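K.L.:
Build the 3D model from these lines:
(chains A and B)
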Amino acid sequence: MLQFSFWDILSNLLIATQWTIILSLIAFVCGGIVGLILLFMRVSGVRPLEWFTKAYIEFFQGTPLLMQLFLFFFGIALFGVEVSPWMAATMALTFWTSAFLTEIWRGCVESIPKGQWEASTSLALTFVEQMRYVILPQASRIAIAPTVGFSVQVVKGTALASIIGFVELTKAGTMLNNATFRPFLVYSLVALIYFCLCFPLSWCAKKIEGRLNVAR
Amino acid sequence: MSLVSIRDVRKSFGELEVLKGVSLEVAKGDVVAIIGRSGSGKSTLLRCINGLEAYQSGAILADGIEVGGLYADLRELRRHVGMVFQQFNLFPHLTAAENVMLAPMVVNKVSKKEARNVAAEVLAKVGLSEKMDAWPSQLSGGQQQRVAIARSLAMRPKVLLCDEITSALDPELVNEVLKVVEQLAKEGMTLILVTHEMRFARDVGTNLVFMHHGKVHETGKPKDVFAAPQTPELQQFVGGTAH
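P.N.:
Predicted coordinates:
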């Protein structure tokens, strides 16, 4: 039987960590783009668009991420389209992230005083121009801290992708445990790596929040 | 021909009817001062003129555009109808010059250099040439309000709506703003002002409109109206506020 040293375990975990990072980044970036589009729809004042976004957000916030992963992984396969675990995980995490980011950002947009909208309306700016030149530059300052804070949730959320067979950090941990039967060591290392990924993010979020509070 | 024509406009917020059939004609070069108690509908009327508030019936024609029309080109309307607010509403993330430059650049697609020239011109007009690169937070209330006026002027409006623009100012800062407005009036700018400054309304206004309970209660030349108010409501109002 193959013997795994501590360093074998650690290096295998670190290799799998790459995929956790890549999946997190893609989910966060794509989720951010989708979230931004949804944000425009959510605050557009156009009723059908607002209803659609509300329903979308309710769905993704109101169901477990794991169910969403299953839906994308098994659900799309029902229509005869082969979905890889990688594809399903990316899509589910992207939509899940977008729902939460839209809601976070909506709060930031709504905290901008109504007078800013009225003044820019009176200057003949269109809705998109108002968002781009007046509202978002102000709202994004407030949004940075909670957005960075939420990225921690995305990193941790990628762990669920292990269940549909995507080999990232958690899945690699499970596989190494099956091979070595040293669950305490393996999962301690897994947890430690997650912590090393997440702690700098939450630390940044706190730092930014503190700085903005001082600036006020 | 009237530049702004308001005909029998009615507006309700839910159950509460705030405008009960208001009619008003404003010709080019007029300086219309709208006075009245708070809640009489004067600010609402002003906000209806550039489409910030919708009205339920009647018609408002501003610069030939029917404001409440289903397909009203409100963007085109707002290019020609400027508005200055009680709370200034400057964009805090932009400098004074950038506040002024934004609409010409974004809406009128003017080049940055040209917009900067316009900003220099209108900021000079309101006496703030030295403050071009100041942030709103570095300016006094009076200076902020003058930047807000300059920001509207940069679009070369045909009408300027002023919604109690001195009400949020400390008393010693009121005059610097009123002086700017008076200068605009002298240059022939069409102005519609909701104001509590009775002396200013009398000295600068060409028309005075007294609103009461959502209606135009009394109107005329400011000097005549103030000298001999016809209705008991206006007599009481003028008696209570003009000193």
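K.L.:
low-scoring stretches of the chain, by residue?
P.N.:
This is for chain A. Within chain A, the stretches with pLDDT under 70 are A:1-2, A:213-216.
K.L.:
The chain in question should be chain B.
P.N.:
Residues of chain B that meet the cut-off, pLDDT under 70, sit at B:240-243.
K.L.:
again, only using 80
P.N.:
Regions of chain B meeting the criterion pLDDT under 80 cover residues B:1, B:69-72, B:239-243.
K.L.:
Which residues of chain A lie near chain B?
P.N.:
Within reach of chain B by CB under 8 Å from any CB of the partner chain, chain A has these residues: A:113, A:115-116, A:118-126, A:129, A:133-134, A:137-138, A:141. C-beta here means a position set from N, CA and C on the backbone, and glycine is covered the same way.
K.L.:
let's see it at 10 Å
P.N.:
Contact residues (CB under 10 Å from any CB of the partner chain) of chain A with chain B: A:112-126, A:129-130, A:132-138, A:140-141.
K.L.:
Filter those down to the buried ones.
P.N.:
A:112, A:116-125, A:129-130, A:133-136, A:138 (16 or more other CB atoms under 10 Å in any protein chain shown).
K.L.:
Now do the helix or strand encompassing residue A:178: which elements does it pack against?
P.N.:
Per DSSP states H and E: residue A:178 is located in helix A:169-180. Contacts defined by 3 or more CB pairs under 10 Å, 6 or more residues apart in numbering or on different chains; DSSP states H and E place helix A:169-180 against helix A:6-42, helix A:183-215.
K.L.:
Quick one: distance of it to the chain centre.
P.N.:
Here helix A:169-180 shows a centroid-to-chain-centroid distance of 24 Å under the convention CA atoms, centre = their mean, to the nearest Å.
K.L.:
Can you point out the buried residues in that helix?
P.N.:
A:169, A:170, A:171, A:172, A:173, A:174, A:176, A:177, A:180.
K.L.:
For residue A:179, see how far away the fifth one is.
P.N.:
This means residue A:173. The gap separating residue A:173 from residue A:179 is 11 Å, by CB to CB, to the nearest Å.
K.L.:
what residues do these two have in common as contacts?
P.N.:
Applying CB atoms under 10 Å, 6 or more residues apart in numbering or on different chains, one finds that residue A:173 and residue A:179 are jointly contacted by A:9, A:12, A:186.
K.L.:
May I ask which of those has the most neighbours?
P.N.:
In terms of neighbours by other CB atoms under 10 Å in any protein chain shown, the shared contacts of residue A:173 and residue A:179 top out with residue A:186 at 24 neighbours.
K.L.:
Verify the stated contact: it with residue A:16.
P.N.:
No - counting by CB atoms under 10 Å, residue A:186 stays clear of residue A:16, with 11.5 Å between them.
K.L.:
shouldn't residue A:5 be in contact with residue A:182?
P.N.:
No - using CB under 10 Å as the test, residue A:5 is too far from residue A:182 to be in contact (11.1 Å).
K.L.:
With neighbour numbers in mind, choose between those two.
P.N.:
Legend: neighbour count by other CB under 10 Å for residue A:5 and residue A:182, higher for residue A:182 (15 against 9).
K.L.:
Contacts only, for the more buried one.
P.N.:
Counting by CB under 10 Å, 6+ apart, residue A:182 touches A:4, A:6, A:9, A:176, A:188, A:189.
K.L.:
what's it sitting at in phi/psi?
P.N.:
Dihedral pair for residue A:182: phi -120, psi 70, per degrees, to the nearest 10.
K.L.:
Could I get the full set of helices for chain B?
P.N.:
Secondary structure of chain B (DSSP state H): helices at B:42-49, B:74-80, B:96-106, B:112-125, B:141-153, B:171-186, B:198-204, B:222-227, B:232-241.
K.L.:
any chance of those helices in JSON lines, with mean neighbour count too?
P.N.:
Below are the helices of chain B laid out as JSON lines (neighbours: other CB atoms under 10 Å in any protein chain shown):
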{"stretch": "helix B:42-49", "mean neighbour count": "24"}
{"stretch": "helix B:74-80", "mean neighbour count": "18"}
{"stretch": "helix B:96-106", "mean neighbour count": "24"}
{"stretch": "helix B:112-125", "mean neighbour count": "17"}
{"stretch": "helix B:141-153", "mean neighbour count": "25"}
{"stretch": "helix B:171-186", "mean neighbour count": "17"}
{"stretch": "helix B:198-204", "mean neighbour count": "18"}
{"stretch": "helix B:222-227", "mean neighbour count": "16"}
{"stretch": "helix B:232-241", "mean neighbour count": "14"}
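K.L.:
which one of those lies closest to residue A:202?
P.N.:
For the helices of chain B, proximity to residue A:202 was assessed by CB to CB; helix B:96-106 is nearest, at 34.9 Å.
K.L.:
hey, C-alpha coordinates of that closest one in PDB?
P.N.:
Below are the C-alpha coordinates for helix B:96-106, written out as PDB (Å, rounded to 0.1, in the frame of the first residue of the first chain):
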ATOM      1  CA  ALA B  96     -17.200  72.200  -8.100                       C
ATOM      2  CA  ALA B  97     -16.100  72.300 -11.700                       C
ATOM      3  CA  GLU B  98     -16.800  68.600 -12.300                       C
ATOM      4  CA  ASN B  99     -20.300  69.100 -10.800                       C
ATOM      5  CA  VAL B 100     -20.900  71.800 -13.500                       C
ATOM      6  CA  MET B 101     -19.200  69.800 -16.300                       C
ATOM      7  CA  LEU B 102     -21.100  66.600 -15.800                       C
ATOM      8  CA  ALA B 103     -24.300  67.300 -17.600                       C
ATOM      9  CA  PRO B 104     -22.800  69.200 -20.600                       C
ATOM     10  CA  MET B 105     -20.400  66.300 -21.100                       C
ATOM     11  CA  VAL B 106     -22.800  63.400 -20.500                       C
END
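K.L.:
Are there helices or strands packed against it, and which ones?
P.N.:
Checking 3+ CB pairs under 10 Å, 6+ apart, helix B:96-106 ends up next to helix A:114-122, helix A:127-130, helix B:112-125, helix B:141-153.
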